[in-house]
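**Q** One predicted model, sequence on top.
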Amino acid sequence: QVQLVESGGGLVQTGGSLRLSCAASGRTASTEAMGWFRQAPGKEREFVATINRSGANIYYGDSVQGRFTISRDNAKNTVYLQMNMVKPEDTAVYYCAADTIPWRTSIIPYNYDYWGQGTQVTVSS
């Protein structure tokens with residue numbers, strides 16, 4: 001089992017920055033791609049960003065491309081999401097997720113085996 005705990009959410013003004021962290025514990029050796037997803041009230045869960053274990057494969061959702069940056073520190077078992085130039089439409093609960101399949105870097109929530117409890121990000125206009 002892998003446990004994921006997100007932190008760093010909060011209230012930020014439009015145009016500001018926020019850095020989310022996701023700390024993994026347990027069987028971390030089994031984690032491969034790590035992703036960030038978000039879900040706003042009344043909407044489906046949306047892909048934000050993902051990074052494979054080596055960091056060689058990184059993908060972003062269209063709505064955050066150029067503004068958000070995903071990174072990971074395998075020594076600390078932590079993945080980060082740097083959010084810059086945030087907009088009100090970025091308001092959502094942000095979830096960290098871990099995949100255990102080594103050959104893929106998926107943007108599909110279904111492919112992720114472990115999920116954190118989520119952290120709220122609210123962007124004020």
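**A** Received it, and whenever you're ready, just let me know what you need.

**Q** With adjacent residues omitted, what lies nearest to Leu4?
**A** The spatial neighbour of Leu4 that comes closest, neighbours along the chain excluded (C-beta to C-beta, 6 or more residues apart in numbering), is Gly116 at 3.7 Å. No exception for glycine: its C-beta is placed from N, CA and C like everyone else's.

**Q** Kindly apply the preceding question to Ile70 instead.
**A** Setting aside the residues directly before and after it, Ile70 is nearest to Ala49 in space (C-beta to C-beta, 6+ apart), at 4.0 Å.

**Q** and the strand or helix carrying that neighbour, what's its mean pLDDT?
**A** When elements are assigned from DSSP states H and E, Ala49 belongs to strand 46-51. Strand 46-51 shows an average pLDDT of 98 in the prediction.

**Q** do stretch 112-125 as well
**A** Mean per-residue pLDDT for stretch 112-125: 97.
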